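1. Compute the structure for the input listed below.
(4 chains)
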There are 2 protein chains.
Amino acid sequence: MDFISVKENIDIPKYKQIVHSVEKALLDHTLRKGDRLPSINSIRNKNSVSRDTVLLAFNELKIRGIVQSVVGKGYFIKSENVNIKQRVFLLFDELNAFKEDLYNSFLNNLDKNIEVDIYFHHFNPDVFSKLIFDSMGNYSSYIIMPANMKNTDKVIDNLPEDKVIILDQFHPELFKYTAIYQNFERDIYNALTKEVKRLKKYKKFIFIFSEFKQPLGLLKGFKRFCKEFGIANEVIATMESREISNREVYLVPDDRNLIRIIKKMKEKDYLLIENIGIISYNETLLKEIVEGGITTISTDFKYMGKQLAKMLGIKEKRKIENPSKIILRNSI
Amino acid sequence: MDFISVKENIDIPKYKQIVHSVEKALLDHTLRKGDRLPSINSIRNKNSVSRDTVLLAFNELKIRGIVQSVVGKGYFIKSENVNIKQRVFLLFDELNAFKEDLYNSFLNNLDKNIEVDIYFHHFNPDVFSKLIFDSMGNYSSYIIMPANMKNTDKVIDNLPEDKVIILDQFHPELFKYTAIYQNFERDIYNALTKEVKRLKKYKKFIFIFSEFKQPLGLLKGFKRFCKEFGIANEVIATMESREISNREVYLVPDDRNLIRIIKKMKEKDYLLIENIGIISYNETLLKEIVEGGITTISTDFKYMGKQLAKMLGIKEKRKIENPSKIILRNSI
DNA sequence: TCTAATTTGTGCGTATGTATG
DNA sequence: GCATACATACGCACAAATTAG
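-> Numbering: from 1, shown residues only, chains lettered A, B, ... in the order given. I've put the predicted structure just below:
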């Protein structure tokens, strides 16, 4: 019961001494998973320290996932692993192929003693809120992909400002947080402008855009490009029940529709470049070889993951636009 | 009568423990509609808790419509309809493209009130152990992908037997648990046997196999097939620094090596079927259109997710082999 | 039902030593 | 030497949950 010792006048801060006491007790199994720690007040009385000092110590243990607190009951050992120094809350929109590169490069650039818990909100505001509220106070960093959802600031503002990193899509309401994001509007506009000569050869530029999952910036950038260069265009939601016509060029962020286009193309014996142009949004492995290579516009997910890992150790707030490029292959 | 248990010094409030006891008794039909609950005083005496604590518990049950009180008589079960929210622990090996179909179909076939937490062990035994130990007691089901790791039973055996579901790879040490798995050896053997005529046309059958991530069953099935049908074969770890030769057929579970093969093929102006054959393991979206379609051997991940969702509600232990098939396209 | 005790959680104010520029 | 920021530490008050009698 009295495994906590705090000494005066040594160079180790008192709250660290309390943390070390608990760590030591875990290592020699005096404390085990599920055990209750002495209450804050009893530690304060026995060791004549301030309540806040004990709280500071317990908070560090909580953020590291070692203890868990229950109001009205006390603090309990949640994990006996004292090696974890930081825990990261990572909230993605959905699990898909693009996440693979991002997540893996994030992990590979992270220290071994940092633990990452991954969650998905599936574009559902209730799930989004619940996950964030449940995680409050339990992590040392909160990396959040708000995607294209509205009013996420109402929830995120409940987290400590300096522990939040906004990922992928940036919203003006979230200006106060560190962010690593894509400038969708500019990226798509620049990429298309770079290849305007090729695009001009087609009769019509068709963008397959789903408002539900895709960022509005993509649409804006596309529209701006078309207007500025006087290119006939159309925005549709899906290729499912649509005919394909000669000399159309498609911008496709979604792989299912990419497949549909290529199938319809083959049905009509159309050829890439000669009859149909395709630009795919988001690079994934196989696009390099599909139909001899599909031109893609994509941000660098590996770089994004690396930057994200770097940001964890840094205190100043930053806004980082992740680089994007067009990879030209034989499809336009 | 003594289905109510209250423990001191654990992180669940005593009144919640009483609620949980009643819920549990209703689920296994120890309690039924119309049954009388033990009196407040008898619960107080047997479990040495305060009267108010019992009252608090009964009040919650009353508000939820599960019990009703009759003055002077006692508390009675009004409805057996307890919908306790379930939490599912889902432990994957790594985040990759195949998980997308599996995870999404699992979620789509799940009740709305079930919460799923997803974790990744990255084939690291320490991470595997820590995640399972820390999750102990916090979930109503534990879905675990042991992948090809050894000695996972030592850890998994600490979980309640009837709450564990083993996913994807089955190990003899884990025979006592419910499992939804691929019979890799048989699946690959059957799929190859079905197309033995096509395969016989090639000079050599090459399997690109990584011991670290891929199940041993794949190798066994491949070897058995080759031996039985007298097919010259070779097993290599990667295509990275390997030349491609005329009339070789490749079995490739990994997309990076798939791309390497196709690139090397094109460098030599080889054609699919005529010079080189390719079978890819695990179906993903774009394989339908890569090089006019790549033949794949794959389990049905959507079906696996659906089965998994069904299994959550079922008590009996089951072993389910997930169906697998060969999708023949113009690559062998 | 009421009162009281214990526990965590949060906010505010204050003070001190140290590092930085 | 001075101003500032930051980490550490203390004290107090009040809210909310838990539990006892």
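2. Close to chain B: what parts of the stretch 1-150 of chain A are there?
-> A:33-34, A:36, A:65, A:68, A:70, A:72-74, A:76, A:78-81, A:94-97, A:99-100, A:103-104, A:107, A:117-120, A:122 (Cβ under 8 Å from any Cβ of the partner chain). Using the backbone N, CA and C atoms, a C-beta is placed for each residue, glycine as well.
3. State the distance from residue A:26 to chain B.
-> With the distance defined as Cβ to the nearest Cβ, to the nearest Å, residue A:26 ends up 13 Å from chain B.
4. can you list the domains in chain A?
-> According to automatic domain parsing, chain A comprises the domains A:14-77, A:86-182+A:301-323, A:184-298.
5. Which of those sits closest to residue B:156?
-> Nearest to residue B:156 among those is domain A:14-77; the distance by Cβ to Cβ comes to 16.6 Å.
6. What mean pLDDT does the closest one get?
-> Mean per-residue pLDDT for domain A:14-77: 91.
7. what about that domain, how long is it end to end?
-> Using Cα to Cα, to the nearest Å, one end of domain A:14-77 lies 21 Å from the other.
8. right, is it up against DNA strand D?
-> Yes - Domain A:14-77 reaches DNA strand D (Cβ under 7 Å from any atom of the strand) through A:14-16, A:48-53, A:56, A:70-73.
9. Any residues of the stretch 101-250 of chain A in contact with DNA strand C? List them.
-> So far as Cβ under 7 Å from any atom of the strand goes, the stretch 101-250 of chain A lies against DNA strand C at A:136, A:137.
10. re earlier: give the buried subset of the residues of the stretch 1-150 of chain A next to chain B as a ChimeraX selection command.
-> Buried subset of the residues of the stretch 1-150 of chain A next to chain B, written as a ChimeraX selection, criterion 16 or more other Cβ atoms under 10 Å in any protein chain shown:
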select /A:33,36,65,68,74,76,78,79,80,81,94,95,96,97,99,100,103,104,107,117,118,119,120
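11. For stretch A:46-66, list the C-alpha coordinates in CSV.
-> As requested, the backbone C-alpha atoms of stretch A:46-66 are provided in CSV (Å, rounded to 0.1, in the frame of the first residue of the first chain):
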residue,chain,number,x,y,z
LYS,A,46,1.0,10.5,3.7
ASN,A,47,3.6,12.2,1.6
SER,A,48,2.7,15.8,2.4
VAL,A,49,2.5,17.0,-1.2
SER,A,50,-0.1,19.0,-3.0
ARG,A,51,-3.2,17.4,-4.5
ASP,A,52,-2.1,18.9,-7.8
THR,A,53,1.2,17.1,-7.7
VAL,A,54,-0.4,13.7,-7.3
LEU,A,55,-2.9,14.7,-10.0
LEU,A,56,-0.1,15.6,-12.4
ALA,A,57,1.6,12.2,-11.8
PHE,A,58,-1.6,10.3,-12.3
ASN,A,59,-2.4,12.2,-15.4
GLU,A,60,0.9,11.2,-17.0
LEU,A,61,0.1,7.6,-16.2
LYS,A,62,-3.3,8.0,-17.7
ILE,A,63,-2.0,9.5,-20.9
ARG,A,64,0.5,6.6,-21.2
GLY,A,65,-2.4,4.1,-20.8
ILE,A,66,-1.0,2.7,-17.6
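12. Pull out the buried residues from it.
-> Using 16+ other Cβ under 10 Å as the burial criterion, the residues of stretch A:46-66 that qualify are A:47, A:49, A:53-66.
13. tell me the secondary structure for the one residue in the stretch 201-332 of chain A that gets nearest to chain B?
-> Nearest residue of the stretch 201-332 of chain A to chain B (Cβ to the nearest Cβ) works out as residue A:286 at 4.3 Å. For residue A:286, the assignment made with DSSP: H, G, I helix; E, B strand; the rest coil gives helix.
14. is it true that it touches residue B:280?
-> No - between residue A:286 and residue B:280 there is no contact under Cβ atoms under 8 Å: 10.0 Å.
15. Between these two, tell me which one has more neighbours.
-> Each of residue A:286 and residue B:280 has its neighbours counted (other Cβ atoms under 10 Å in any protein chain shown); residue B:280 has more, 26 against 22.
16. What are the phi and psi values at the more buried one?
-> phi -100, psi 140 (degrees, to the nearest 10).
17. now it, which residues is it bridged with?
-> According to DSSP bridges, the residues that bridge with residue B:280 are residue B:252, residue B:296.
18. Now do the residue nearest to residue A:174 when sequence neighbours are not counted, the pLDDT please.
-> Take residue A:174 and drop its neighbours on the chain: the residue closest to it by Cβ to Cβ, 6 or more residues apart in numbering or on different chains is residue A:166, 5.2 Å away. Predicted confidence (pLDDT) for residue A:166: 95.
19. now residue A:103
-> 96.
20. and if you look at residue A:96?
-> The model's pLDDT for residue A:96 equals 87.
21. Same check on the one 4 residues further on?
-> In this prediction, residue A:100 carries a pLDDT score of 89.
22. can you check residue A:268 too?
-> So, for residue A:268, pLDDT stands at 94.
23. what's near enough to touch the closest residue in space to residue A:35 that isn't next to it in sequence?
-> Once flanking residues are discounted, residue A:35 sits nearest to residue A:77: 4.9 Å by Cβ to Cβ, 6+ apart. Residue A:77 makes contact with A:26, A:31, A:32, A:33, A:34, A:35, A:37, A:66, A:67, A:68, according to Cβ atoms under 8 Å, 6 or more residues apart in numbering or on different chains.
24. So which of those sit within strands?
-> A:67, A:68 (DSSP state E).
25. Please identify which of the contacts of residue A:77 is nearest to residue A:219.
-> When the contacts of residue A:77 are compared against residue A:219 (criterion: Cβ to Cβ), the nearest one is residue A:68, at 44.3 Å.
26. the strands in the stretch 151-300 of chain A, which residues?
-> A:164-168, A:178-181, A:204-208, A:233-236, A:248-252, A:276-281, A:295-299 (DSSP state E, counting those that start in this stretch).
27. For the fourth one, which strands pair with it and how are they oriented?
-> Looking back up the chat, that one is strand A:233-236. Here, using DSSP bridges, strand A:233-236 pairs with strand A:204-208 (parallel).
28. what does the strand it pairs with contact?
-> Against strand A:204-208 from outside (Cβ under 8 Å, 6+ apart): A:199, A:218-219, A:222, A:226, A:231-239, A:245, A:247-254, A:257.
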